[in-house]
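**Q** Pasting the sequence and the predicted coordinates here, then a few questions.
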Amino acid sequence: MGPLRTNLRQAFYIGLFDSLPTLRDPGVIFLLSLLSFLPVLFIYVFTGTGSAALGSIAGATVLILAFTGLNAAQSVYFNKHWFRFQDMLVATGVAPTTYALGLSLGTLVVSLPAVVLSIGLLLAGSFPGGLQILLAIGSILVLWVAMIFIGFSIGTATKNLRRANSLAPILSIILGFLPPVYYPLSRLPDYLQPLAMLVPTTDAAQLVKYYFGLLPLSALNVEISWMILAVFAVVTAFVAIKRANWVDP
Amino acid sequence: MTTIPSPVYEVGLSPNQAKGSTAVSASHLSKTYPGGTQALQDVSFTVNRGHVFCLLGRNGAGKTTLLRILATQLRSTGGVAEVLGHNVASNTETVRAKIACVPQEARPQMMTSPWDHVYYKCLIDGMPRPEAKARAKEVLELLGLWEHKDKLSSDLSGGLRQRIIIGMALTGSPELIFLDEPTIGLDPLGRRMVWSLIREMTRKGVTVMLTTHYMDEAESLADNVGIIEHGKMVFVGTVEQAKAVTEMKMRVLIEPLVANNGSKAELLTPNSNQEILQIIERGLRENMKVTFKPPTLEDAFIKLVGGTIED
């Protein structure tokens, strides 16, 4: 078995083990999946338009995975400082990227029902070509990877439980609910729109809406959005390398 | 009886330094944490393969820091450490393939079972599913957890939970296992269960390095002990060599047979047979209870870290 396949296998089982308690409690999965759809419900109720709701479903799809990556911080923290699972794995030769991916896969497993539902709703409302679907999913995955880096950095670098539990939700609000992810960018004043475009979750949501035919974008805007996502992923990877503690300094 | 300051004793560093017989070798190891705290200073010692080495020290002395450096979980700031012949800093992956670690205060996940912990650890170690199932069964049976394999960890006692963690460490058949206070919080039966596991491991050739506060544990298990004080290794040697450091023939507790008769209990450390006879005579004359005990590892520890026997 090659190294990549070995690492992926390890990550899979780390994620599965970490998510066992939640997988055995379907009620928790149902509740966690619903949380990302609550803004969709509000938007549909208050706008009364299906197209606005469809746009917000695109936002929900983006944020389900983004929150998954961020919430890995709590899992990382508990596995490092409470269960000491990370220390046990450090001594076995599991790579830090494998471990981070594994814990994120664990939270992804929990959110999978919501992801499948949201993509299903999008497809029901607007069925683009296969390439567009792949590109939309690709943009979400790039964001997800970047959020994993942030979550891993927070979880390993902080020794304060309250901080580990609060930073991820705070970032979720800043990156998820404030920027135009659930709602259209056009709802913001003109002077705020360029700023909003610098927020990676906005770009991921714009791209998903674009690829599902819900939002017209120029080729330049598409390129800019991809570039911002890529830069964000690189920056967060750099921060994780510098700040995250796999082996303590 | 005077208070004796704590010199550095290096009695009988492990014999047989031939290549291949050393499991752990530390040379002038130091660790200063980023905030400036110096946790280890110039620590040097060796551990033979197949031996049990107990690391003793006060809270904050540097035991866990030393263990974590050897287990490749923490970087040192000076010196060299080798585990099973490989440098922990430059050959990290090679070291990790041969060791396992039970960290201090490690806990199992409450809503998963002993089977889940050990089986999934086997899968993470890279075993195919049939092999992982067989290995998990073997480990759980060895640890007396097979009958509890499907119970949630939250429903198990502290001793059984600790066995789960040890079981996770044993899945990969390590050559050397680090145990950081493995019996803390366990009842006497639970502790003895862990001791018997450690003896079983060493019978199979596994080297065990553990930290503990329990002197009886070190006396029962250790081939060699190391005593750390303020980040410095103040003693390395056998338990008997440590006791010899006390330079006591024995310790004597002389206490009144009847309470509140005006006499107080005293702890004495006679240095000669003459003094022993004088204590006995005093006991008979003053109707006191006289208890003779040989020096213990605890006495040696107290002396080496700068306390007094009478404290």
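**A** Structure's in. What do you need?
**Q** ok, residue 168 - how many residues close by?
**A** Because you didn't say which chain, this covers chain A. As a burial measure, A:Ala168 scores 24 neighbours (other CB atoms under 10 Å in any protein chain shown). (Glycine included, C-beta is placed from N, CA and C.)
**Q** meant chain B, my bad for not saying
**A** Neighbours around B:Met168, by other CB under 10 Å: 27.
**Q** just checking, it touches B:Tyr119?
**A** No - the criterion here is CB atoms under 8 Å, and B:Met168 misses it with B:Tyr119 at 10.1 Å.
**Q** what ranges do the helices span in the stretch 1-150 of chain B?
**A** B:63-70, B:92-96, B:114-124, B:129-142 (DSSP state H, counting those that start in this stretch).
**Q** Turn these into JSON lines, including distance to chain A, mean pLDDT and mean neighbour count.
**A** Formatted as JSON lines, the helices of the stretch 1-150 of chain B follow (distance: least, CB to the nearest CB, whole Å; pLDDT from 0 to 100; neighbours: other CB atoms under 10 Å in any protein chain shown):
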{"stretch": "helix B:63-70", "distance to chain A": "7", "mean pLDDT": "95", "mean neighbour count": "25"}
{"stretch": "helix B:92-96", "distance to chain A": "4", "mean pLDDT": "91", "mean neighbour count": "18"}
{"stretch": "helix B:114-124", "distance to chain A": "4", "mean pLDDT": "96", "mean neighbour count": "25"}
{"stretch": "helix B:129-142", "distance to chain A": "9", "mean pLDDT": "94", "mean neighbour count": "17"}
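**Q** With distance to A:Ala205 as new columns, can the ones you listed be given to me in JSON lines?
**A** Below are those laid out as JSON lines (distance: least, CB to CB, whole Å):
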{"stretch": "helix B:63-70", "distance to A:Ala205": "43"}
{"stretch": "helix B:92-96", "distance to A:Ala205": "41"}
{"stretch": "helix B:114-124", "distance to A:Ala205": "35"}
{"stretch": "helix B:129-142", "distance to A:Ala205": "40"}
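**Q** closest to A:Leu215 out of these?
**A** Closest approach to A:Leu215 among those (CB to CB): helix B:114-124, 42.5 Å.
**Q** who's in contact with that closest one?
**A** A:9-10, A:13-14, A:16-17, A:20, A:89, A:92, A:94, B:108-109, B:129, B:131-133, B:135-136, B:139-140, B:145, B:148-151, B:153, B:156, B:160, B:163-165, B:167-168, B:171 (CB atoms under 8 Å, 6 or more residues apart in numbering or on different chains).
**Q** between that helix and helix B:129-142, how big is the angle?
**A** Per axes from the mean of the first three to the mean of the last three CA atoms, to 10 degrees, the angle that helix B:114-124 makes with helix B:129-142 is 130 degrees.
**Q** Could I get the CA-only coordinates of helix B:114-124 as CSV?
**A** Output of helix B:114-124 as CSV, limited to C-alpha atoms (Å, rounded to 0.1, in the frame of the first residue of the first chain):
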residue,chain,number,x,y,z
PRO,B,114,-12.9,-0.9,25.0
TRP,B,115,-13.3,-2.8,21.8
ASP,B,116,-13.8,0.4,19.8
HIS,B,117,-10.6,1.9,21.3
VAL,B,118,-8.3,-1.0,20.8
TYR,B,119,-9.8,-2.2,17.4
TYR,B,120,-9.7,1.2,15.8
LYS,B,121,-6.2,1.8,17.2
CYS,B,122,-5.2,-1.4,15.4
LEU,B,123,-6.7,-0.1,12.2
ILE,B,124,-4.9,3.2,12.6
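**Q** now it, how far from the centre of its chain.
**A** Distance of helix B:114-124 from the chain centroid (CA atoms, centre = their mean, to the nearest Å) equals 26 Å.
**Q** cool, and stretch A:219-226?
**A** With CA atoms, centre = their mean as the basis, stretch A:219-226 stands 20 Å off its chain's centre.
**Q** do the same with stretch A:83-91
**A** 25 Å.
**Q** Tell me the buried residues in that stretch?
**A** Burial within stretch A:83-91, assessed by neighbour count using 16 or more other CB atoms under 10 Å in any protein chain shown, is assigned to A:Phe83, A:Arg84, A:Phe85, A:Gln86, A:Asp87, A:Met88, A:Leu89, A:Val90, A:Ala91.
**Q** Repeat that for stretch B:296-310.
**A** Under 16+ other CB under 10 Å, the buried positions of stretch B:296-310 are B:Thr296, B:Leu297, B:Glu298, B:Asp299, B:Ala300, B:Phe301, B:Ile302, B:Lys303, B:Leu304, B:Val305, B:Ile309.
**Q** Could you tell me which residues of chain B lie near chain A?
**A** Residues of chain B found near chain A (CB under 8 Å from any CB of the partner chain) are B:33-34, B:68, B:71-75, B:93, B:96-97, B:99-112, B:116-117, B:120, B:123-126, B:165, B:168-169, B:172, B:178.
**Q** Report the buried members of those residues.
**A** Here, 16+ other CB under 10 Å leaves B:68, B:71-74, B:96, B:99-104, B:106-109, B:112, B:116-117, B:120, B:123-126, B:165, B:168-169, B:172, B:178 buried among the residues of chain B next to chain A.
**Q** Format the buried residues of stretch A:83-91 as TSV; extra columns: distance to chain B.
**A** Below are the buried residues of stretch A:83-91 laid out as TSV (distance: CB to the nearest CB, whole Å):
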residue	distance to chain B
A:Phe83	5
A:Arg84	4
A:Phe85	8
A:Gln86	9
A:Asp87	4
A:Met88	6
A:Leu89	7
A:Val90	5
A:Ala91	4
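**Q** Could you report the neighbour count for the residue of the stretch 201-311 of chain B found nearest chain A?
**A** Going by CB to the nearest CB, chain A is nearest to B:Met209 of the stretch 201-311 of chain B, at 12.2 Å. Applying other CB under 10 Å, we find 26 other residues in the vicinity of B:Met209.
**Q** what's the answer for A:Tyr211, then?
**A** Neighbours around A:Tyr211, by other CB under 10 Å: 25.
**Q** From B:Leu142, how far off is it?
**A** Per CB to CB, to the nearest Å, A:Tyr211 is found 55 Å from B:Leu142.
**Q** Equivalent analysis for A:Gly2, please.
**A** 33 Å.
**Q** any idea of the mean pLDDT in stretch A:160-171?
**A** For stretch A:160-171, mean pLDDT rounds to 77.
**Q** Could you see whether chain B lies near that stretch?
**A** No - shown here: stretch A:160-171 not in contact with chain B (CB under 8 Å from any CB), separated by at least 14.3 Å.
**Q** Off-centre distance for that stretch?
**A** 16 Å.
**Q** Output the helix or strand containing B:Arg192 as CSV - backbone C-alpha positions only.
**A** Assigned by DSSP states H and E, B:Arg192 belongs to helix B:188-203. What follows is helix B:188-203, C-alpha atoms only, in CSV (Å, rounded to 0.1, in the frame of the first residue of the first chain):
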residue,chain,number,x,y,z
PRO,B,188,-4.6,-1.2,45.1
LEU,B,189,-6.0,-4.1,43.0
GLY,B,190,-6.0,-2.0,39.9
ARG,B,191,-2.4,-0.9,40.5
ARG,B,192,-1.3,-4.5,41.0
MET,B,193,-3.0,-5.4,37.8
VAL,B,194,-1.0,-2.8,35.9
TRP,B,195,2.2,-4.0,37.7
SER,B,196,1.6,-7.5,36.6
LEU,B,197,1.1,-6.2,33.0
ILE,B,198,4.4,-4.4,33.1
ARG,B,199,6.1,-7.5,34.4
GLU,B,200,4.5,-9.5,31.6
MET,B,201,5.7,-7.0,29.0
THR,B,202,9.3,-7.1,30.3
ARG,B,203,9.2,-10.9,30.3
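**Q** Next secondary structure element downstream of that helix?
**A** Next along the chain after helix B:188-203, taking DSSP H and E as the criterion, comes strand B:207-212.
**Q** for that following strand, packing partners?
**A** Packing partners of strand B:207-212 (3 or more CB pairs under 8 Å, 6 or more residues apart in numbering or on different chains; DSSP states H and E): strand B:22-32, strand B:38-48, strand B:52-57, helix B:63-70, strand B:176-180, helix B:188-203, helix B:215-221.
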